[in-house]
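> kindly return the folded structure for what I paste below:
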Amino acid sequence: MSPKHSTRLQENSFTSRREPFGFMLWLGVIGSSLLFASIFVTYLLRGEGNSDRFIALPDMFWLSTLVILFSSILLHEANMAFRQERFLHYRLFLGATLTLGVTFMLLQISGWLEMIDNEVFVNQNTSIGLVYILTGLHLLHILAGVVYLTVLFLKAWKNRSYVDSFVYSVNPPNVLRLKLVTRYWHFVDALWLVVFLFMVLLYH
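Numbering: from 1, shown residues only. Alright, predicted model coming up:
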(Lines give C-alpha, C1' and ligand atoms only; values in the text may rest on other atoms or scores of the structure.)
Protein backbone atom coordinates (compact mmCIF):
# COMPACT_ATOMS: atom_id res chain seq x y z
CA MET A 1 0.00 0.00 0.00
CA SER A 2 1.40 3.36 -1.02
CA PRO A 3 2.02 6.05 1.63
CA LYS A 4 -0.46 8.32 -0.13
CA HIS A 5 -3.23 5.70 0.02
CA SER A 6 -2.41 4.93 3.67
CA THR A 7 -2.65 8.61 4.56
CA ARG A 8 -6.01 8.88 2.83
CA LEU A 9 -7.36 5.95 4.84
CA GLN A 10 -6.16 7.54 8.06
CA GLU A 11 -7.85 10.83 7.15
CA ASN A 12 -11.13 9.08 6.31
CA SER A 13 -10.98 7.12 9.55
CA PHE A 14 -10.33 10.30 11.51
CA THR A 15 -13.17 12.11 9.73
CA SER A 16 -15.63 9.27 10.35
CA ARG A 17 -14.90 9.37 14.07
CA ARG A 18 -15.37 13.09 14.45
CA GLU A 19 -19.18 13.05 14.11
CA PRO A 20 -19.62 16.84 14.21
CA PHE A 21 -23.36 16.48 14.78
CA GLY A 22 -22.67 14.26 17.76
CA PHE A 23 -20.31 16.87 19.14
CA MET A 24 -22.96 19.55 18.62
CA LEU A 25 -25.48 17.40 20.44
CA TRP A 26 -23.15 17.03 23.41
CA LEU A 27 -22.68 20.79 23.47
CA GLY A 28 -26.46 21.21 23.53
CA VAL A 29 -26.80 18.65 26.32
CA ILE A 30 -24.16 20.42 28.40
CA GLY A 31 -25.73 23.81 27.73
CA SER A 32 -29.22 22.61 28.72
CA SER A 33 -27.87 20.93 31.83
CA LEU A 34 -26.12 24.14 32.89
CA LEU A 35 -29.29 26.13 32.22
CA PHE A 36 -31.44 23.95 34.45
CA ALA A 37 -28.71 23.71 37.08
CA SER A 38 -28.47 27.50 37.21
CA ILE A 39 -32.25 27.74 37.70
CA PHE A 40 -32.09 25.22 40.55
CA VAL A 41 -29.22 26.99 42.28
CA THR A 42 -30.70 30.47 41.79
CA TYR A 43 -34.03 29.45 43.26
CA LEU A 44 -32.49 27.66 46.23
CA LEU A 45 -30.36 30.68 47.04
CA ARG A 46 -33.14 33.23 46.62
CA GLY A 47 -35.99 31.09 47.96
CA GLU A 48 -34.32 29.91 51.13
CA GLY A 49 -36.50 30.61 54.11
CA ASN A 50 -39.76 30.93 52.18
CA SER A 51 -42.70 29.44 54.05
CA ASP A 52 -45.03 29.28 51.06
CA ARG A 53 -43.33 26.54 49.15
CA PHE A 54 -46.03 23.88 49.35
CA ILE A 55 -47.66 23.15 46.01
CA ALA A 56 -49.76 20.10 45.20
CA LEU A 57 -48.20 18.97 41.93
CA PRO A 58 -50.82 18.00 39.35
CA ASP A 59 -51.54 14.30 39.00
CA MET A 60 -50.79 14.62 35.30
CA PHE A 61 -47.14 15.32 36.13
CA TRP A 62 -46.91 11.98 37.93
CA LEU A 63 -48.56 10.16 35.03
CA SER A 64 -46.37 11.90 32.46
CA THR A 65 -43.30 10.63 34.34
CA LEU A 66 -44.37 7.03 33.74
CA VAL A 67 -45.10 7.84 30.10
CA ILE A 68 -41.69 9.34 29.43
CA LEU A 69 -39.89 6.45 31.12
CA PHE A 70 -41.78 3.93 29.02
CA SER A 71 -41.00 5.91 25.88
CA SER A 72 -37.26 5.51 26.52
CA ILE A 73 -37.70 1.75 26.82
CA LEU A 74 -39.59 1.63 23.53
CA LEU A 75 -36.98 3.73 21.74
CA HIS A 76 -34.29 1.36 23.00
CA GLU A 77 -36.30 -1.53 21.56
CA ALA A 78 -36.61 0.38 18.27
CA ASN A 79 -32.82 0.65 18.11
CA MET A 80 -32.44 -3.07 18.76
CA ALA A 81 -34.94 -3.89 16.03
CA PHE A 82 -33.17 -1.53 13.60
CA ARG A 83 -29.81 -3.20 14.16
CA GLN A 84 -31.32 -6.69 13.89
CA GLU A 85 -33.14 -5.81 10.62
CA ARG A 86 -36.57 -6.32 12.19
CA PHE A 87 -37.88 -3.30 10.34
CA LEU A 88 -41.58 -3.83 11.09
CA HIS A 89 -40.82 -3.86 14.81
CA TYR A 90 -38.62 -0.82 14.32
CA ARG A 91 -41.50 1.13 12.82
CA LEU A 92 -43.89 -0.04 15.53
CA PHE A 93 -41.57 0.85 18.40
CA LEU A 94 -40.59 4.16 16.81
CA GLY A 95 -44.24 5.06 16.23
CA ALA A 96 -45.09 4.10 19.81
CA THR A 97 -42.25 6.28 21.12
CA LEU A 98 -43.52 9.19 19.08
CA THR A 99 -47.05 8.64 20.37
CA LEU A 100 -45.86 8.60 23.97
CA GLY A 101 -43.85 11.77 23.34
CA VAL A 102 -46.97 13.56 22.15
CA THR A 103 -48.91 12.07 25.07
CA PHE A 104 -46.31 13.46 27.48
CA MET A 105 -46.78 16.93 26.03
CA LEU A 106 -50.56 16.70 26.34
CA LEU A 107 -50.29 15.50 29.94
CA GLN A 108 -47.99 18.41 30.78
CA ILE A 109 -50.44 20.89 29.25
CA SER A 110 -53.24 19.20 31.18
CA GLY A 111 -51.18 19.70 34.33
CA TRP A 112 -50.94 23.41 33.59
CA LEU A 113 -54.70 23.58 32.99
CA GLU A 114 -55.28 21.79 36.28
CA MET A 115 -53.15 24.36 38.10
CA ILE A 116 -55.01 27.21 36.39
CA ASP A 117 -58.38 25.66 37.28
CA ASN A 118 -57.21 25.51 40.89
CA GLU A 119 -56.32 29.21 40.62
CA VAL A 120 -52.62 28.55 40.98
CA PHE A 121 -51.08 31.51 39.16
CA VAL A 122 -47.52 32.66 38.59
CA ASN A 123 -47.90 35.96 40.42
CA GLN A 124 -48.81 34.29 43.72
CA ASN A 125 -45.25 33.35 44.71
CA THR A 126 -41.91 32.41 43.21
CA SER A 127 -42.48 28.69 43.85
CA ILE A 128 -45.36 28.58 41.41
CA GLY A 129 -43.39 30.51 38.84
CA LEU A 130 -40.62 27.94 39.10
CA VAL A 131 -43.03 25.12 38.20
CA TYR A 132 -44.09 26.88 35.01
CA ILE A 133 -40.51 27.79 34.08
CA LEU A 134 -39.07 24.30 34.59
CA THR A 135 -41.91 22.41 32.93
CA GLY A 136 -42.13 24.94 30.10
CA LEU A 137 -38.43 24.78 29.27
CA HIS A 138 -38.47 21.01 29.42
CA LEU A 139 -41.54 20.92 27.18
CA LEU A 140 -39.57 22.82 24.54
CA HIS A 141 -36.87 20.14 24.70
CA ILE A 142 -39.51 17.44 24.30
CA LEU A 143 -41.03 19.28 21.34
CA ALA A 144 -37.67 19.27 19.55
CA GLY A 145 -37.38 15.52 20.14
CA VAL A 146 -40.93 14.90 18.93
CA VAL A 147 -40.24 16.81 15.71
CA TYR A 148 -37.15 14.75 14.99
CA LEU A 149 -38.90 11.48 15.89
CA THR A 150 -41.63 12.45 13.44
CA VAL A 151 -39.06 12.91 10.68
CA LEU A 152 -37.54 9.48 11.41
CA PHE A 153 -40.93 7.81 11.52
CA LEU A 154 -41.98 9.33 8.20
CA LYS A 155 -38.74 8.10 6.61
CA ALA A 156 -39.29 4.63 8.07
CA TRP A 157 -42.86 4.60 6.78
CA LYS A 158 -41.69 5.73 3.33
CA ASN A 159 -39.22 2.83 3.20
CA ARG A 160 -41.68 0.12 4.21
CA SER A 161 -40.46 -2.65 1.91
CA TYR A 162 -37.70 -4.86 3.23
CA VAL A 163 -35.28 -3.89 0.47
CA ASP A 164 -35.84 -0.16 0.99
CA SER A 165 -35.60 -0.59 4.75
CA PHE A 166 -32.35 -2.55 4.44
CA VAL A 167 -30.79 0.03 2.12
CA TYR A 168 -31.90 2.75 4.52
CA SER A 169 -30.47 0.90 7.53
CA VAL A 170 -26.98 0.45 6.06
CA ASN A 171 -26.66 4.12 5.16
CA PRO A 172 -24.25 5.58 7.79
CA PRO A 173 -25.98 8.99 8.00
CA ASN A 174 -29.29 7.26 8.77
CA VAL A 175 -27.65 5.15 11.46
CA LEU A 176 -26.13 8.30 12.94
CA ARG A 177 -29.50 10.11 12.95
CA LEU A 178 -31.14 7.33 14.92
CA LYS A 179 -28.23 7.20 17.36
CA LEU A 180 -28.33 10.94 17.95
CA VAL A 181 -32.08 11.20 18.42
CA THR A 182 -31.95 8.25 20.82
CA ARG A 183 -29.18 9.91 22.80
CA TYR A 184 -31.14 13.16 22.91
CA TRP A 185 -34.39 11.46 23.91
CA HIS A 186 -32.74 9.60 26.77
CA PHE A 187 -31.26 12.92 27.90
CA VAL A 188 -34.60 14.75 27.97
CA ASP A 189 -36.12 11.78 29.81
CA ALA A 190 -33.39 11.90 32.44
CA LEU A 191 -33.74 15.68 32.58
CA TRP A 192 -37.43 15.37 33.37
CA LEU A 193 -36.68 12.91 36.18
CA VAL A 194 -34.28 15.44 37.70
CA VAL A 195 -36.78 18.30 37.30
CA PHE A 196 -39.64 16.24 38.70
CA LEU A 197 -37.62 14.96 41.65
CA PHE A 198 -36.49 18.51 42.39
CA MET A 199 -40.10 19.73 42.46
CA VAL A 200 -41.27 16.79 44.57
CA LEU A 201 -38.54 17.34 47.17
CA LEU A 202 -38.98 21.11 47.15
CA TYR A 203 -42.76 21.18 47.40
CA HIS A 204 -43.24 18.62 50.13
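> buried residues in the helix of greatest length in the chain, which are they?
In the chain, assigned by DSSP state H, the helix with the most residues is helix 126-158. By 16 or more other Cβ atoms under 10 Å, the buried positions in helix 126-158 come out as 127-128, 130-131, 134-135, 138-139, 141-142, 145-146, 148-149, 152-153, 156. C-beta here means a position set from N, CA and C on the backbone, and glycine is covered the same way.
> what's the weakest-modelled helix or strand in this protein?
When each helix and strand of the chain is scored by mean pLDDT, DSSP states H and E, helix 3-18 comes last, with a mean of 43.
> okay, buried residues for whatever helix or strand comes next after that one please.
Downstream of helix 3-18, the first helix or strand assigned by DSSP states H and E is helix 20-47. Buried residues in helix 20-47, counted by 16+ other Cβ under 10 Å: Leu25, Val29, Ser32, Phe36, Ile39, Phe40, Tyr43.
> out of those, which is nearest to Val194?
Phe36 (7.3 Å; Cβ to Cβ).
> that closest one: what's it in contact with?
Phe36 makes contacts with Leu134, Leu137, Leu191, Val194, Val195, as judged by Cβ atoms under 8 Å, 6 or more residues apart in numbering.
> one more time with 6 Å
By Cβ atoms under 6 Å, 6 or more residues apart in numbering, the contact set of Phe36 is empty.
> and the pLDDT for it?
On the pLDDT scale, Phe36 is placed at 92.
> kindly report the same for Leu113.
The model's pLDDT for Leu113 equals 87.
> where does the protein dip in pLDDT?
Applying pLDDT under 70 to the chain flags residues 1-19, 47-55, 119-128, 203-204.
> give me the neighbour count for Phe198.
17 (other Cβ atoms under 10 Å).
> what angle separates the helix or strand harbouring it from helix 20-47?
Taking DSSP H and E as the criterion, Phe198 maps to helix 172-202. Put simply, helix 172-202 runs at 10 degrees to helix 20-47, going by axes from the mean of the first three to the mean of the last three Cα atoms, to 10 degrees.
> how about Thr135, what does it touch?
Here Thr135 is in contact with Gln108 (criterion: Cβ under 6 Å, 6+ apart).
> mind doing that once more with 10 Å?
57-58, 61, 64, 108-109, 111-112, 115, 192, 195-196, 199 (Cβ atoms under 10 Å, 6 or more residues apart in numbering).
> same check on Ser165?
Phe82, Glu85, Arg86, Phe87, Leu88, Tyr90, Arg91, Ala156, Lys158, Asn159.
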